[in-house]
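Student: Got a sequence here, can you model it:
(chains A, B, C and D)
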Number of protein chains: 4
Amino acid sequence: MVALIEKTRDFTRNVVLPIEDEHAGDIAVAGGDAIRIEMQAAAKEAGVFAPHAPIEYGGHGLNMSDRAPVFEEAGYSLFGPTALNIAAPDEGNVHMLAHVANEAQKQQFLAPLASGDMRSAFAMTEPAPGAGSDPSALNTRAEKVPGGWKINGKKWFITGADGAGFFIIMARTSGEPGQRGGATMFLTPTDTAGLIVGRHIDTLDKAMIGGHCEVTFEDLFVPDEAVLGEVDQGFAYAQVRLGPARMTHVMRWLGAARRGHDVAVARVAEREGFGSKLGDLGMIQKMVADNEIDIAASRALLVQACFELDQGGHASNATSIAKTYAAEAIFRIVDRSIQMCGGMGVSGDLPLARLSREVRPFRVYDGPSEVHRWAIAKRVVGAAKRAAREESK
Amino acid sequence: MVALIEKTRDFTRNVVLPIEDEHAGDIAVAGGDAIRIEMQAAAKEAGVFAPHAPIEYGGHGLNMSDRAPVFEEAGYSLFGPTALNIAAPDEGNVHMLAHVANEAQKQQFLAPLASGDMRSAFAMTEPAPGAGSDPSALNTRAEKVPGGWKINGKKWFITGADGAGFFIIMARTSGEPGQRGGATMFLTPTDTAGLIVGRHIDTLDKAMIGGHCEVTFEDLFVPDEAVLGEVDQGFAYAQVRLGPARMTHVMRWLGAARRGHDVAVARVAEREGFGSKLGDLGMIQKMVADNEIDIAASRALLVQACFELDQGGHASNATSIAKTYAAEAIFRIVDRSIQMCGGMGVSGDLPLARLSREVRPFRVYDGPSEVHRWAIAKRVVGAAKRAAREESK
Amino acid sequence: MVALIEKTRDFTRNVVLPIEDEHAGDIAVAGGDAIRIEMQAAAKEAGVFAPHAPIEYGGHGLNMSDRAPVFEEAGYSLFGPTALNIAAPDEGNVHMLAHVANEAQKQQFLAPLASGDMRSAFAMTEPAPGAGSDPSALNTRAEKVPGGWKINGKKWFITGADGAGFFIIMARTSGEPGQRGGATMFLTPTDTAGLIVGRHIDTLDKAMIGGHCEVTFEDLFVPDEAVLGEVDQGFAYAQVRLGPARMTHVMRWLGAARRGHDVAVARVAEREGFGSKLGDLGMIQKMVADNEIDIAASRALLVQACFELDQGGHASNATSIAKTYAAEAIFRIVDRSIQMCGGMGVSGDLPLARLSREVRPFRVYDGPSEVHRWAIAKRVVGAAKRAAREESK
Amino acid sequence: MVALIEKTRDFTRNVVLPIEDEHAGDIAVAGGDAIRIEMQAAAKEAGVFAPHAPIEYGGHGLNMSDRAPVFEEAGYSLFGPTALNIAAPDEGNVHMLAHVANEAQKQQFLAPLASGDMRSAFAMTEPAPGAGSDPSALNTRAEKVPGGWKINGKKWFITGADGAGFFIIMARTSGEPGQRGGATMFLTPTDTAGLIVGRHIDTLDKAMIGGHCEVTFEDLFVPDEAVLGEVDQGFAYAQVRLGPARMTHVMRWLGAARRGHDVAVARVAEREGFGSKLGDLGMIQKMVADNEIDIAASRALLVQACFELDQGGHASNATSIAKTYAAEAIFRIVDRSIQMCGGMGVSGDLPLARLSREVRPFRVYDGPSEVHRWAIAKRVVGAAKRAAREESK
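Tutor: Next comes the predicted model:
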């Protein structure tokens, strides 16, 4: 493990970071899939490729707790996760397919995904009034037809959609929007008729390959074998994917935040002003220390949540807490790093401005902070209500 | 006054905002000086041009208190200040020239600047170890030569430098870097030999015309008549410019923040989720209310500082307080507005993501928050030390 | 005006503050009404008594804007408002009686209240499930009987109840709890049969005379002449009292916060540590500056709200904003002041620990911050909903 | 371990909490040492006494990691730590004596301390300009005399001094104040001539037995055998005590914060308002969730620091981070709990107001947050300076 962490650190800093810096962190500008394939070949060479994938599919088979330090090292460069094949959404899809897919599906989809021969997309989020923060609003429908299903609907913010080899499509198979009902996941090659990848939504972040796209399904026919797991169990599988996916996001972004912090600390340690090194001035020291505290607390909450996930639970509460804290902490860390560097901080001469763009959406993606807080509170207040009813019996 | 506020509001929203939105707030993409000239012609037509400039130079001659609501309305669009000729640095330069320049200088420089026939730059900030937050580090030197001065040095973050018709150059004329000593301001047409405008520094903000540039002076000769005001009085004149310039920044950015807030409120008032309008959910209401409080407090502090400036003082403390509070509040307002809008908030489908880019640097420009806090505290603690010494006598 | 401010400042610091400090800010320990009468005599002597009361009742007749600096000076000591007869609830009751009472009621109640010969109580708040933050829950009922009304109900947190000469009782005269319906205010001498003052609720604050009491009405008969203003108009009169009462609270507590700040600044200006005066260390400077900013912003919002009140409006939004910001800012100011003083800060050797106790409840009293934020947001979101409906027509 | 946690939980809630609540958390009012002895007897009976003490001295011999959940359960009542004999400063003194004392000293001091037959004090902190946050300012001196040492100096904030059986005195044995030099610890029975316990400093917290006292040493003679460990090694031993003492403080106060949170959640789960349970309103949910996040993050940082301490390191950075975060988080948790309960929250009818008083000083005691942040930043910036020097070689 320690060796893999070290190797990942060296690879990320020596091989990947220069590519990111050369292209100002814009993966499309850097070459898109071409640069991905090049970096992934180098990662295989360096023995750091696919730390998360099952060993039988060429990965290192790490559990969540062991992934944490490795992913954080990879996240030190915005392109690191792509280089190691652990970027969203592929990384989460590998995780879910390993848990839910049948053998034939694994051969067809998991194998090329784990090896980097193919990318994937996870098509769940919908424009209003569909499924966003509130999954029960799911609007896309799959209708049973002979030999398969016919899917109609509209998705957006589908990460990596442009260039993906296949989609995992979440569609309603029972109930009405606004009710929970049943959802089903379908594995669908991108070249299937009726699957239309639309425009890239222009977002603050630029480091994810394949964009965040609009996707439309127009009478998209998928055969019965496309069903992932069982019909109507989609919400449950989404849970399987969700907790770990939140945590791997934290791991990666924590690496990015750490880079921002390191850049800023290196600068204030050298730069003079007001008769002193800037890093010896109290207000700068406060920002440095607050960054250290935010890094340590994010990591400590992550460790706790990974431990619970590795024990086999959904860890919904622990992952909500860790995600919410970390998403806000990571943003603060980068923001303070900018402030420490003054004019340089808001310029392209340092990577901080682009890090700030990249990490901001994390407070929204994978459940906005407000939705997580609502879920956390509901559990606690709900338990207190039940306790009061117990007592009053 | 009320009429001018109303007219500015209508002009900004009906004429300018569509241009900003069409070009995603990037003034270079929108056409740079060409679009500026077009918008300024429209502003003259609408009777809202140059609210700040002296009446004899075609402006409305507003004092600081009256500027506040007008500039805020103009700032509602990122291009509004350019359209009204009240963008930085021209607006501050008009203010300073009106106070310090002699008649000939006014004819040569103030007149075309006030009318929009020419843009200008204010060349003070230097790369490390020169004058940044700490002006006493001023490195650029003007050496007395027969008939004038020879200037050598390097500046950066010179807003509007590319395309400016003339520069106001701040150079050391006595003392050594690290001492206060004396600085002098020189009025210099851009086409003077030895004045070299270098690269645009790539910054988070894109709405300011002419970029934030590097500028070099290589044996730049300027005649004696180029001296603005008196030799060695540059730091004092910078103070004349500084307080008002801070406040007009606040006015403009407050308008931008208010647009962000309005966009977000309009959205949560309509969008459904969790069985309710989003805007009726408590956590969203908290963000809406905090925005309202931040807007009200920024404006109230601004009113106080403008009152003091109009009384004739430097208002250093009041403008430091208002600038520091407002720069941080404006950032919070836009950030909360993004959060209220979720995925849309971080996308180009709403103007919030770009507003966030634009307002972030304000916590650094015109004195980082830390430097203002240091200055505020020094005054208070210094007074307490003096009081203690008095008492112990 | 300036003279009255100066006189109030001198009186508060030289006469009142020593009494507060001698008794650690506990007015009961200091002697309750006895010390009140003594201080009020001194205030009359000094010409600073009752700045708010109508001139015909012996006061200075100041409007809200002029009250602000005077009340702030009085608030510099926790006992100052009592000394000037401008403590809650008497000050708010004087304000309301001056606006709503008829001549006979003014003679009987306003005159002795304004002169300090009598104290009063305002009986509105009820224990759950009655009227707390949500006034429509009003539970206390007044039933019409021949010649008057019979009141039954239970109140709590009735400030100044113990020792008050009369009560203003808010009771429901139409509608049911949970509906708005109609409420009526009744002026009732304390010695009326059926008005029972119960225990003092032990609260964090100790500077208000007469405690925060439980009060019960058991078949309390009041004659028709006891009705203040008109029947069923109680909620409207409460609004008359509410806005100004919020603002005078802010004025007084702002004075208290300023004292805390001054104590802390004086200390860090003198105390050595880490090779410097503490007040010259960056992290302390940050706290000093943040206090200055919070003081300035509270005052600026107060000025704005007082201006609106003096124009004759309810200023519900402006007073909600000013109250919410100031209540939180005042708490932060005192809390930072404690932190600046370390161990001394949490001890009785400085007044900071007791100031902290005193100001904490202000975030709850007069509407908790959450209720104000809810009201602020409702107005804004409501307006956005209406605008959208207009547009869609 | 799980059994001990459970037993501690039951004992604290069933036996100790009722005593605390009866006496409003004031241990002196509750009976001081008399109630301590009574509670400790009950704790022995219940098998939960002295979880931290070495097994050979009658304790459970828990390491730091195992102490965490047990101490947190004990801390659920403000009197719990006293009942289990794990309150400051005795708990930290047991820890240090177990590590540093010789056999004779253990018999004389550690044995009765571990069994609760005696209390102790740790006399390090001095009034200005002595040793406070900056230990190098140590002023109290021990001068070598035949057969022992003569100590002179003044201490304050000496917790538990009144009634302590013995003192551990920190005195300078080489160097001058302002230099680090050498300090030595002396074990001294309270009844030694020249050891004078002065007034109790009146502080916000009331739950610690024996007060926070001023203590003076006037030509206090102690024999050579009184030296704890070695001469001039006092600063090093203080480090041995410091890290663990910080963490046990966190454990205990985290229990107290959790009680505050539980009280508030129970209330908002039941209380109605605005047409709903308060606990179902968004702004309340936000406070509940933020409390949960703060509890989880404090605990996660504590777990990390305890792990490092149990590995044998000083864990200076990890304990600084955990202490700083937790001290601030604990205060926020209690403060939000008050806010959730409105008027009840600031009253003595709930334990929240007193919890707020108790936990506030923790941001000052054991190193103010500012000193910890300074230390954290110094390490990071120092490392960056060294790295830059390495690179430039």
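
Student: CA atoms for contacts and neighbours, from now on please.
Tutor: Fine.

Student: Look up how far chain B lies from residue A:12.
Tutor: 25 Å (C-alpha to the nearest C-alpha, to the nearest Å).

Student: I should have written residue A:375 there, sorry.
Tutor: Relative to chain B, residue A:375 is positioned 12 Å away (C-alpha to the nearest C-alpha).

Student: what mean pLDDT would you report for whichever strand or helix holds that residue?
Tutor: Per DSSP states H and E, residue A:375 falls inside helix A:369-392. The average pLDDT for helix A:369-392 rounds to 95.

Student: go on, stretch A:79-89?
Tutor: Stretch A:79-89 carries an average pLDDT of 97.

Student: what's the answer for stretch A:177-188, then?
Tutor: Mean pLDDT, computed over stretch A:177-188, is 89.

Student: What residues of that stretch count as buried?
Tutor: In terms of neighbour count (16 or more other C-alpha atoms under 10 Å in any protein chain shown), stretch A:177-188 has its buried residues at A:177, A:178, A:180, A:181, A:182, A:183, A:184, A:185, A:186, A:187, A:188.

Student: from those residues, which two are the most distant?
Tutor: With C-alpha to C-alpha as the measure, no two of the buried residues of stretch A:177-188 lie farther apart than A:178 and A:188, at 25.9 Å.

Student: I'd like to know how many residues surround the residue in the stretch 101-250 of chain A that chain B sits nearest to.
Tutor: Per C-alpha to the nearest C-alpha, the residue of the stretch 101-250 of chain A with the smallest distance to chain B is residue A:203, at 4.1 Å. Neighbour count of residue A:203, defined by other C-alpha atoms under 10 Å in any protein chain shown: 21.

Student: isn't it right up against residue B:348?
Tutor: Yes: using C-alpha atoms under 8 Å, residue A:203 makes contact with residue B:348 at a distance of 5.9 Å.

Student: What parts of the stretch 151-300 of chain A come near chain D?
Tutor: Within the stretch 151-300 of chain A, the positions near chain D by C-alpha under 8 Å from any C-alpha of the partner chain are A:265-266, A:268-270, A:279-280, A:282, A:285-286, A:288-290, A:292-293, A:296-298, A:300.

Student: please redo it, this time with the cut-off set to 7 Å
Tutor: A:265, A:266, A:269, A:270, A:279, A:285, A:286, A:288, A:289, A:293, A:297, A:300 (C-alpha under 7 Å from any C-alpha of the partner chain).

Student: Of those, just say which sits nearest to residue C:52.
Tutor: Residue C:52 lies nearest to residue A:286 out of those, by C-alpha to C-alpha, at 44.9 Å.

Student: Which element, helix or strand, includes the closest one?
Tutor: Assigning secondary structure by DSSP H and E places residue A:286 in helix A:282-310.

Student: ditto for residue A:264
Tutor: For residue A:264, the host element (DSSP H and E) is helix A:234-270.

Student: List, one by one, the residues from the stretch 101-250 of chain A near chain B.
Tutor: Neighbours of chain B within the stretch 101-250 of chain A, by C-alpha under 7 Å from any C-alpha: A:134, A:201, A:202, A:203, A:204.

Student: can you give me phi and psi for the third one?
Tutor: Read it as residue A:202. Here is the backbone geometry of residue A:202 (degrees, to the nearest 10): phi -80, psi 110.

Student: okay, the nearest residue to the residue of the stretch 101-250 of chain A closest to chain B once chain neighbours are set aside: pLDDT?
Tutor: Once flanking residues are discounted, residue A:203 sits nearest to residue B:347: 4.1 Å by C-alpha to C-alpha, 6 or more residues apart in numbering or on different chains. Looking at residue B:347, its pLDDT stands at 95.

Student: Out of the helices and strands in chain A, which is least certain?
Tutor: strand A:272-273 (a mean of 84; mean pLDDT, DSSP states H and E).

Student: How about it and chain C, touching?
Tutor: No: applying C-alpha under 7 Å from any C-alpha, one finds strand A:272-273 separated from chain C by no less than 13.4 Å.

Student: Make sure I have this right: residue A:157 is in a strand.
Tutor: Yes: secondary structure assignment places residue A:157 in a strand (DSSP: H, G, I helix; E, B strand; the rest coil).

Student: got the angle between the helix holding residue A:375 and helix D:282-310?
Tutor: 90 degrees (axes from the mean of the first three to the mean of the last three C-alpha atoms, to 10 degrees).

Student: what sits up against helix A:369-392?
Tutor: For helix A:369-392, the surrounding residues in contact (C-alpha atoms under 7 Å, 6 or more residues apart in numbering or on different chains) are A:133, A:317, A:320, A:324, A:363, B:283, D:265-266, D:269-270, D:279, D:285-286, D:288-289.

Student: Please identify which pair of those residues lies farthest apart.
Tutor: Farthest pair in the contacts of helix A:369-392, by C-alpha to C-alpha: A:363 and D:270, 31.5 Å.
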